[in-house]
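S.K.: Mind looking at a prediction? Sequence and model below.
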Amino acid sequence: MDTRSCDLEDPGRGKRRGKRMGAPRFTSKRKARLACRFTTGVIRVDADGRHVTLPRLGMIRTDEPTVKLLARVQAGTARILSATVRYERGRWFVSFQAEVKRDLERVARPDVAVGIDLGVKALAVMADSTGEIRTIANPGHYDRARKQLRRASRVVSRRQGPDRRTGQKPSKRWEKANAARNKVHHRVANLRADALHKLTTAVAAEYGTVVVEGLNVAGMLRNRRLARRIADAGFGEIRRRLTCKTRQRHATRTIAADRWYPSSKTCSGCGAVKAKLSLHVRTYQCDACGLVIDRDDNAALNLAALAAAATTGTGVAGDQDTQSVSKPRGADQKTRTTRPRRKAEAGRAGGATLPHQRQTEARDRTQAEALTLW
């Protein structure tokens, strides 16, 4: 067993930290994800750019062209390691895990930082360090499709569906109606993914520093009045894609503000912090300096100002060269006592490292440094 996969409190007594593990859960083949991974055998992209060859499946035509991956493989800048075939959203997909060698792409404004305030009314309000504020409207793909989904769901409910309790099998008409309803859901998911990709790609290619909020998305989804709109916006997916694209494609940094940082309560002009600010109040009025500004614009400006206070690093969990941004007073942070973790001693699994095994601190790559994944 790999000793890195568990944190033993007392290896001699066989105890581990955390909650006691129970019996393994039953995994139903009806609910399991239909996918398989090929690591050996013939795995290649054919020269015509429209077919792929996989083990035991042979040559398969693809709906999308594969010329981009084919060009890299023929040029010697990419090497295919494995292929995964999966069934998702009513279609079969094949994804290749490749080892790619490519240079970094320089951003348009490397010296400018941008703060992004995510919301429901407006998907994102972006304010950069130069004072420019831009608002990205919320597409609301699910809200637009609700009427169509309601009609399709009504048709499904009138058909004879499956019943596992009695062993009743679905009728052909139910399967046809259910496929039509799923097609609407799949289209909404594809539209959402496309919009988020375009937004994050544009932001990562323009700014050298991106500051986002550390939102508790799981907790926000417990609000029954806003859960549907929050889930449709995809707050967590925006942060994940920004972190990936800034670090790997442009070698810039992404800073995540503390979850309890009062970006909406803090005045972007004088820095005064309000004790309370209700959600229905959409205009921020400072009691100290008299500043009147939109609530979302004020939060975006405060997030952009955090870039100057942050040190070098990406700001995400796991970086060793990142310091937490100081939090002004006024944040309604809840505190709880935590048990201090014991440090591993020499001689135990995962203990002290040898002198030749010491790791160096992580650092950001410069724009001129090439990203090599060989």
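M.R.: Structure received. Residues are numbered from 1 along each chain as shown.

S.K.: Low-confidence stretches in the stretch 51-200 of the chain?
M.R.: The model of the stretch 51-200 of the chain has no residue with pLDDT under 70.

S.K.: which ones are touching the spatially closest residue to residue 267 that is not a sequence neighbour?
M.R.: Closest residue in space to residue 267, ignoring its immediate chain neighbours: residue 286 at 4.2 Å, by C-beta to C-beta, 6 or more residues apart in numbering. In short, each C-beta sits where N, CA and C put it, glycine included. Contacts for residue 286 (C-beta atoms under 8 Å, 6 or more residues apart in numbering) come out as 267, 269-270, 272, 292.

S.K.: how near is residue 286 to residue 297?
M.R.: 13 Å (C-beta to C-beta, to the nearest Å).

S.K.: which strand residues sit across from residue 292 in the sheet?
M.R.: On the basis of DSSP bridges, residue 292 is bridged to residue 285.

S.K.: Which residues are in contact with it?
M.R.: If you count contacts by C-beta under 8 Å, 6+ apart, then residue 292 has 283-286 around it.

S.K.: quick revisit: adding secondary structure, write the contacts of residue 286 out as TSV.
M.R.: Converted to TSV, the contacts of residue 286 look like this (DSSP: H, G, I helix; E, B strand; the rest coil):
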residue	secondary structure
267	coil
269	coil
270	coil
272	coil
292	strand
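
S.K.: Now the buried members of those.
M.R.: Buried members of the contacts of residue 286, counted by 16 or more other C-beta atoms under 10 Å: residue 267.

S.K.: what comes into contact with stretch 42-52?
M.R.: The contact list for stretch 42-52, computed with C-beta under 8 Å, 6+ apart, reads 53-55, 59-62, 65-67, 69-70, 73, 80, 82-83, 94, 96.

S.K.: mind running it again at 7 Å?
M.R.: 53-55, 59-62, 65-67, 69-70, 73, 80, 82-83, 94 (C-beta atoms under 7 Å, 6 or more residues apart in numbering).

S.K.: Got the phi and psi for the residue nearest to residue 267?
M.R.: Dihedral angles of residue 286 (phi, psi; degrees, to the nearest 10) stand at phi -80, psi 130.

S.K.: And it, how close does it get to residue 118?
M.R.: 23 Å.

S.K.: before we move on, what about residue 64?
M.R.: Residue 64 sits 30 Å away from residue 118, going by C-beta to C-beta.

S.K.: who's more crowded, those two?
M.R.: More neighbours surround residue 118 than the other of residue 64 and residue 118, with 24 against 9 (other C-beta atoms under 10 Å).

S.K.: Go ahead and confirm that one touches residue 125.
M.R.: No: using C-beta atoms under 7 Å, residue 118 is not in contact with residue 125, being 8.2 Å away.

S.K.: Leaving out chain neighbours, which residue sits closest to residue 155?
M.R.: residue 177 (4.7 Å).

S.K.: count of neighbours near that neighbour?
M.R.: Residue crowding around residue 177 was assessed by other C-beta under 10 Å; the count is 21.

S.K.: quick one: it is in a helix?
M.R.: Yes: counting by three-state DSSP, one finds residue 177 located in a helix.

S.K.: separation between it and residue 163?
M.R.: Using C-beta to C-beta, we find residue 177 at a distance of 16 Å from residue 163.

S.K.: Also residue 90?
M.R.: According to C-beta to C-beta, residue 90 stands 23 Å off from residue 163.
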